[in-house]
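Undergrad: I would like to see how this sequence folds:
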Amino acid sequence: MTLSPPRPRKQPRQRRAIETCAAIIEAAARILEGGGPEELNTNRIAERAGVSIGTLYQYFPDKQAILVALIRREREALLQEMRAIPQESGDALRAMVDASIRHQFARPDLARSLELIEVSFPLDAEAAAMAHEIAAISSGLLARRFGRIDQTDLLTAVVMGRALVNAAGQGMIPFEALAERVVLAIAGYLEKVAGRSAAGAGN
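TA: Numbers count the residues shown, from 1 in each chain. This next block holds a predicted model:
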């Protein structure tokens, strides 16, 4: 049986309700930054958000639903940065890598906590959809440098870059010169597959 991710009880429509939901989600983010997942519960979230526990439960059935909303918020923020890169960017690959690193390290403690939490939620389809959208964005941005790239190769490059940035966020590899290393790894791969495709077309 496939589990569905927890969802809010109701979608806020009016401005005040939207602001209340945003405050609840941000409160959860700040608790994660300050103490990690073990410090998180709905009472603490409500207190940090400045709302009653009853108000919290009007919108979210439990803390899992709040965490899912937070994960979605952070993913959408990264996608918005990617979408904002102009098609005529002189170095689109570096711009994309810089956006990914900014997102990871703007709030590194939050990013680390969410990476641990994400594995316990059935959000694989959404993670895949995000990777596919970044690959679609990449297709247009990188065409000037690498030519037409197969979708699977684009997805491979996206996963490769994300893994390297996440590894730096977890302290596995140094932050120093991270962008250069990520660009070098992705560019090397894409140049290889682009050359392979060109050779195949010439036969």
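Undergrad: which helix or which strand is home to the residue sitting nearest the centre point of the chain?
TA: By Cα atoms, centre = their mean, the chain has its centre lying nearest to residue 75, at 3.5 Å. Following DSSP states H and E, one finds residue 75 within helix 63-83.
Undergrad: give me the three-state assignment for residue 13.
TA: For residue 13, the assignment made with DSSP: H, G, I helix; E, B strand; the rest coil gives coil.
Undergrad: distance of it relative to residue 122?
TA: According to Cβ to Cβ, to the nearest Å, residue 13 stands 27 Å off from residue 122. Where you see a C-beta, it was placed from the backbone N, CA and C, and this is true even at glycine.
Undergrad: rewinding a little: quick check: the residue nearest to the centre of the chain touching residue 126?
TA: Yes - with contact defined as Cβ atoms under 8 Å, residue 75 counts as touching residue 126 (7.3 Å).
Undergrad: against which helices or strands is the least confident helix or strand in the chain by mean pLDDT packed?
TA: Using mean pLDDT, DSSP states H and E, helix 178-202 stands out as the lowest-scoring helix or strand of the chain, at a mean of 83. Under the contact definition 3 or more Cβ pairs under 8 Å, 6 or more residues apart in numbering; DSSP states H and E, helix 178-202 sits against helix 92-106, helix 124-146, helix 151-169.
Undergrad: any regions of the protein where pLDDT drops low?
TA: Applying pLDDT under 70 to the chain flags residues 1-10, 12, 196-203.
Undergrad: now the angle between helix 151-169 and the helix holding residue 75, please.
TA: Interaxial angle, helix 63-83 versus helix 151-169 (axes from the mean of the first three to the mean of the last three Cα atoms, to 10 degrees): 110 degrees.
Undergrad: which elements pack onto helix 63-83?
TA: helix 15-35, helix 42-49, helix 92-106, helix 108-118, helix 124-146.
Undergrad: now residue 42. Nearest residue, chain neighbours left out?
TA: Once flanking residues are discounted, residue 42 sits nearest to residue 63: 5.3 Å by Cβ to Cβ, 6 or more residues apart in numbering.
Undergrad: the one you found contacts residue 45, correct?
TA: Yes - Residue 63 lies in contact with residue 45 (Cβ under 8 Å); the separation is 6.6 Å.
Undergrad: find residues that contact each of the two.
TA: Common neighbours of residue 63 and residue 45, counting by Cβ atoms under 8 Å, 6 or more residues apart in numbering, are residue 28.
Undergrad: tell me which of the two has more neighbours.
TA: Legend: neighbour count by other Cβ atoms under 10 Å for residue 63 and residue 45, higher for residue 45 (25 against 19).
Undergrad: against residue 183, how distant is that one?
TA: Residue 45 sits 39 Å away from residue 183, taking Cβ to Cβ as the criterion.
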